[in-house]
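Enquirer: coordinates only, sequence not included:
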């Protein structure tokens, strides 16, 4: 069983500055990404750990943490599913990239270094914000939020889709939908549109 070697005074001091430190390894306390996007976590280690295996695992409890990806001891990138890890031994950093983020990816993770005895590790809290909702057109019919009748009774859309070629889409009120439509002015109603 491997347990993290933590210098608690350094961790407490570093947490107030937004960075977690465990003796020979450090990383950001929190990293945020956008759903369906990606995020990058950079962990830093001291000299002497260059050829040791670096890993990224998920789980708040150290002994139950699941390793998602691990280096091979070289600088070659290793990718597994939506997570990759790459060690830069010259700069004493390793970088973890999580792609195709889902809200269920939000959790506690660990940057770690494998060694004989107790591995080194620091926690990184990953949060994932929901992606902005982008409305999708579900039919060929325009979506209308409002319109304005001109003096001839034709309707000019203020919101919705355009006719082919980018021309304004002209529509007439559906007389069966509402017999009490005003002849002029802005209002909401069902429309009959060509095409």
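Expert: Cool, the structure landed. Given the structure is predicted, the values throughout are model-derived calculations rather than measurements.
Enquirer: quick one, helices of this structure?
Expert: According to DSSP state H, the chain carries its helices in the segments 8-15.
Enquirer: Low-confidence ranges, it, go.
Expert: Low-confidence segments of the chain (pLDDT under 70): 1-22, 136-195.
Enquirer: Tell me where the longest strand sits in the chain.
Expert: Longest strand in the chain by number of residues (criterion: DSSP state E): strand 120-129.
Enquirer: Note down every partner strand of that strand and its orientation.
Expert: Strand pairing for strand 120-129, using DSSP bridges, gives strand 30-34 (parallel), strand 107-113 (antiparallel).
Enquirer: can you list contacts of the last one?
Expert: Going back to what we said before, that points to strand 107-113. 4, 24-25, 27, 41, 43, 45, 49, 52-60, 62, 65, 94, 96, 119-126 (C-beta atoms under 8 Å, 6 or more residues apart in numbering). Using the backbone N, CA and C atoms, a C-beta is placed for each residue, glycine as well.
Enquirer: go on, the shortest one?
Expert: The set of residues external to strand 30-34 that reach it, using C-beta under 8 Å, 6+ apart, is 18, 39-41, 98, 101, 105, 124-129, 131.
Enquirer: ok, now with 7 Å
Expert: For strand 30-34, the surrounding residues in contact (C-beta atoms under 7 Å, 6 or more residues apart in numbering) are 39, 41, 98, 101, 124, 125, 126, 127, 128, 129, 131.
Enquirer: Most neighbours of all those, which one?
Expert: The residue in the contacts of strand 30-34 with the most neighbours, by other C-beta atoms under 10 Å, is residue 98 (24 neighbours).
Enquirer: ok now do it, which residues does it touch?
Expert: Each residue near residue 98 by C-beta under 7 Å, 6+ apart is listed here: 33, 38, 39, 82, 83, 105.
Enquirer: Also residue 87?
Expert: So residue 87 contacts 54, 71, 75, 94 (C-beta under 7 Å, 6+ apart).
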